[in-house]
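# Quick check, what structure comes out for this input:
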Amino acid sequence: MNTIIILTILVVIFALTFDFINGFHDTANAIATSVSTRALPPRTAIIMAATMNFIGAITFVGVAKALTKDIVDPFSLNAFEGDTTGSVVILAALISAIIWNLLTWYFGIPSSSSHTLIGSIAGAAIASAGFNVLNYGGFTKIIMALVLSPLLAICAGFIMMTLFKLWFKNLNLYRTNKGFRTMQIFTAAIQSFTHGTNDAQKAMGIMTMALIAGGLHTGDEIPFWVRAAAATAMGLGTSIGGYKIIKTVGGKIMKIRPVNGVAADLASATVIFGATLIHLPVSTTHVISSSIMGVGSAQRVRGVNWGMARKIVTTWVITMPISAVMASVIYFILSLFF
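Numbering: from 1, shown residues only. The predicted structure follows:
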């Protein structure tokens, strides 16, 4: 078996591992509010999230196509026929992203799988061929989406909660909470579906990029087996659960009541699905955490745990540069062997 085939197989294995970890790392965000308000028992919420993530992941491919071509041109990574540089870059990026996701999961910090993956791809690519290898037009578009989406989510959460306060201000609090708790079952399902439509796409894009770099696939169409494998890996990862992340997102940013959970779920699902429709990868972690902050601000600014919010935002800021450096170091190590 030649080196390029071995590397492509390794990339597929690590990409599916990344999706599996993404399942229990990021998907926890999607069901955090419904678990924290006891709208759903944790086990039921996880099974529902796994199912809806699978359906979302298998339904859309636009984000995967954008990720395949907008950061680095896979063809530009190989200098000659049989060159393995492109595959080594992708493998280094995946290993770096997996390490960062496991570290932040261990400490219960809801960092972004999207940020670490995109930062890792850029870092490994720069280590292999310098800064000019990046597709700066596409890369800038993705960074803008990652930066603007949390701001949109804060505004959407604030507006949604303000409307709910106006519409339901004269209703009995107990009955209102009961009704919203039931509604949370549906909003959590929508949230999980939108997570699948955007987050699962990233590993699909990576695997397709590796197949192209290895000369095993042409064009930017995502093969069906890639879609099915990525969706299954994410669904299985989700079924493991992510209780540490659920505890942080669902309880440490603010005390969430059912009405808050519904407002946050609807706001974040709208932002994530909107990004999916225009083929832009966004961080579901950032969007969901930000929508909760927006909802909390609309209800009572001092009710938001801004200390925890600062800790989360700090992690967001450092994720991409640290991932890029880690990926470049891993690339140099791997290039000694391949």
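
# Name the SS class of residue 38, please.
Under DSSP: H, G, I helix; E, B strand; the rest coil, residue 38 falls in the coil class.

# For burial, what's the neighbour tally of the nearest residue to it once chain neighbours are set aside?
In space, residue 38 comes closest to residue 181 once its chain neighbours are excluded; the distance is 7.4 Å by C-beta to C-beta, 6 or more residues apart in numbering. (Glycine included, C-beta is placed from N, CA and C.) By other C-beta atoms under 10 Å, the residues close to residue 181 number 19.

# Residue 181 sits in which helix or strand?
helix 173-198 (DSSP states H and E).

# Which element is encountered next along the chain beyond that helix?
The element immediately downstream of helix 173-198 (helix or strand, assigned by DSSP H and E) is helix 200-213.

# which outside residues touch the helix or strand following that following helix?
Helices and strands here follow DSSP H and E; after helix 200-213, the next one along the chain is helix 224-240. With contact meaning C-beta atoms under 8 Å, 6 or more residues apart in numbering, helix 224-240 is reached by 12, 15-17, 19-25, 27, 46-47, 49-51, 53-54, 57-58, 61, 192, 196, 199-201, 203-204, 207-208, 211.

# Next one: residue 263 from residue 7, what distance?
46 Å (C-beta to C-beta, to the nearest Å).

# and what of residue 215?
Relative to residue 7, residue 215 is positioned 11 Å away (criterion: C-beta to C-beta).

# okay, those two: which has more neighbours?
For residue 215 against residue 7, the residue with the higher neighbour count under other C-beta under 10 Å is residue 7, and the figures read 21 against 16.

# The more buried one is in what secondary structure piece?
Secondary structure here is read from DSSP H and E; on that basis residue 7 sits in helix 3-25.

# by how many degrees do that helix and helix 173-198 diverge?
Between helix 3-25 and helix 173-198, the angle comes out at 180 degrees (axes from the mean of the first three to the mean of the last three C-alpha atoms, to 10 degrees).

# packing partners for helix 3-25?
Contact partners of helix 3-25 among helices and strands, from 3 or more C-beta pairs under 8 Å, 6 or more residues apart in numbering; DSSP states H and E: helix 85-106, helix 113-129, helix 200-213, helix 224-240.

# right, and those helices - which one's nearest residue 309?
Nearest to residue 309 among these is helix 85-106; the distance by C-beta to C-beta comes to 15.9 Å.

# Return the set of buried residues in that closest one.
Of the residues in helix 85-106, 85-101, 104-105 count as buried by neighbour count, 16 or more other C-beta atoms under 10 Å.

# ok now do residue 282, which residues does it touch?
When contacts are counted by C-beta under 8 Å, 6+ apart, residue 282 touches 114, 145, 146, 149, 198, 271, 272, 275.

# Identify the residue spatially nearest to residue 261, adjacent ones excluded.
Taking C-beta to C-beta, 6+ apart, and ignoring the residues beside it in sequence, residue 261 has residue 33 as its nearest neighbour in space, at 3.5 Å.

# What's the mean pLDDT across the helix or strand containing that neighbour?
In this assignment (DSSP H and E), residue 33 forms part of helix 27-36. Within the predicted structure, the mean pLDDT of helix 27-36 is 73.

# Buried ones in stretch 107-126, by neighbour count?
Applying a neighbour-count criterion of 16+ other C-beta under 10 Å, one finds 108-126 buried in stretch 107-126.

# okay, now the residue nearest to residue 210 when sequence neighbours are not counted: neighbour count?
Leaving aside its sequence neighbours, residue 210 sits nearest to residue 11 (C-beta to C-beta, 6+ apart; 3.8 Å). Using other C-beta under 10 Å, residue 11 has 25 other residues around it.

# Do I have it right that residue 11 meets residue 207?
Yes: using C-beta atoms under 8 Å, residue 11 is in contact with residue 207, at 6.7 Å.

# Tell me what angle the helix holding residue 181 forms with helix 224-240.
In terms of direction (the same axes, to 10 degrees), helix 173-198 departs from helix 224-240 by 150 degrees.

# If you count contacts, what does helix 173-198 end up packed against?
Helix 173-198 sits against helix 27-36, helix 42-59, helix 224-240, helix 258-277, helix 284-299, with contacts defined as 3+ C-beta pairs under 8 Å, 6+ apart.

# if you set the cut-off to 10 Å instead, what comes out?
Under the contact criterion of 3 or more C-beta pairs under 10 Å, 6 or more residues apart in numbering; DSSP states H and E, the helices and strands touching helix 173-198 comprise helix 3-25, helix 27-36, helix 42-59, helix 62-70, helix 224-240, helix 258-277, helix 284-299.
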